[in-house]
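A.B. asks: Fold the stuff below for me.
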Amino acid sequence: MAEAESTDYRELIQKADELYKTRERQIYELLVAHRDSSNPDILWRLERSARKVARLADTSKEEKEKLTYEQLDISRKAVDLGPSNHSCHQWCGISLNDVGDYEGKKTKINDAYRIRDYFAKAVELKPESPRPHYLLGKWCFEVTAMPWVVRKAARVLFATPPTSTFEEALNCFDRAEKNAPDFSCENHPMLGKTHLKLGHKEEAKEWLTKVLKSDSNQPF
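C.D. replies: Next comes the predicted model:
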């Protein structure tokens, strides 16, 4: 029985991955029937598909919010069931960050270290994967680029507000690109922006030019 169930899950995962780029709602409908699954690879894919549906232009505001909170609930269950699965940690960090968009800056700042820790754990569990490095780099970039007013408020609200540097962000984006060149349409512009923040004008120009030439159009 267990062997048959495992085979069914493999087939389900294969089908979901085949449909991932083009059939957002179909994947979600396929996977949501398995939201009570104890298989973390099913759950993080369900979480990912819920996020994609939430970001579709024809998804209502009410459905977007519902799906965003749903994906966080699913992601926490996935981490509990798959503590050594890097994708579970990666997507839990993404989901926690997404929920912060609904709960305001105070909550987002309060959750910032937990978001970072999920991404860092994903890097630790699978250092050869580019996406956790990219996500950790983006966290470093956004924390460092935090507006002065928000940073000042964070110092008032929290004893130790989140901090990072553009150098840390650059190291993460570089590592992501070395692991898998052109793996995503999002890493090149972040490399360009980070070099620009550091005053590296030639490197920034090089990476931002690659944005126009890149064949990659696959976001997360």
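
A.B. asks: could I get stretch 114-127 in CSV with only the CA atoms?
C.D. replies: Provided in CSV are the C-alpha atoms of stretch 114-127 (Å, rounded to 0.1, in the frame of the first residue of the first chain):
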residue,chain,number,x,y,z
ARG,A,114,12.7,34.5,10.7
ILE,A,115,12.4,35.1,6.9
ARG,A,116,16.2,35.4,6.7
ASP,A,117,16.6,32.2,8.7
TYR,A,118,14.4,30.2,6.4
PHE,A,119,16.4,31.3,3.4
ALA,A,120,19.7,30.7,5.2
LYS,A,121,18.5,27.2,6.1
ALA,A,122,17.6,26.5,2.5
VAL,A,123,21.1,27.6,1.5
GLU,A,124,22.6,25.3,4.2
LEU,A,125,20.6,22.3,3.1
LYS,A,126,21.2,22.7,-0.6
PRO,A,127,24.1,25.1,-1.3
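
A.B. asks: and it, what's its mean pLDDT?
C.D. replies: Stretch 114-127 shows a mean pLDDT of 98.

A.B. asks: what residues does that stretch touch?
C.D. replies: The contact list for stretch 114-127 (CB atoms under 8 Å, 6 or more residues apart in numbering) reads 79, 84-87, 89-90, 92-93, 96-97, 100, 129, 131-133, 135-136, 139, 162. C-beta: built from backbone N, CA, C; applies to glycine.

A.B. asks: Could you do stretch 45-60 as well?
C.D. replies: Outside stretch 45-60, the residues that reach it (CB under 8 Å, 6+ apart) are 13, 16-17, 20, 24-25, 27-28, 31-32, 34-35, 63-64, 67-68, 70-71, 74-75, 78, 91-92, 94-95, 98.

A.B. asks: returning to what we had before: pull out the buried residues from the contacts of stretch 114-127.
C.D. replies: Among the contacts of stretch 114-127, the ones that count as buried by 16 or more other CB atoms under 10 Å are 79, 85-87, 89-90, 92-93, 96-97, 100, 129, 131-133, 135-136, 139, 162.

A.B. asks: Tell me which of the contacts of stretch 114-127 fall in helices.
C.D. replies: Counting by DSSP state H, those place 79, 86-87, 89-90, 92-93, 96-97, 100, 131-133, 135-136, 139 in helices.

A.B. asks: Could you give me the buried positions within the helix or strand where residue 25 lies?
C.D. replies: If you go by DSSP states H and E, residue 25 is part of helix 24-32. Of all the residues in helix 24-32, those buried under the rule 16+ other CB under 10 Å are 24, 27-28, 30-31.
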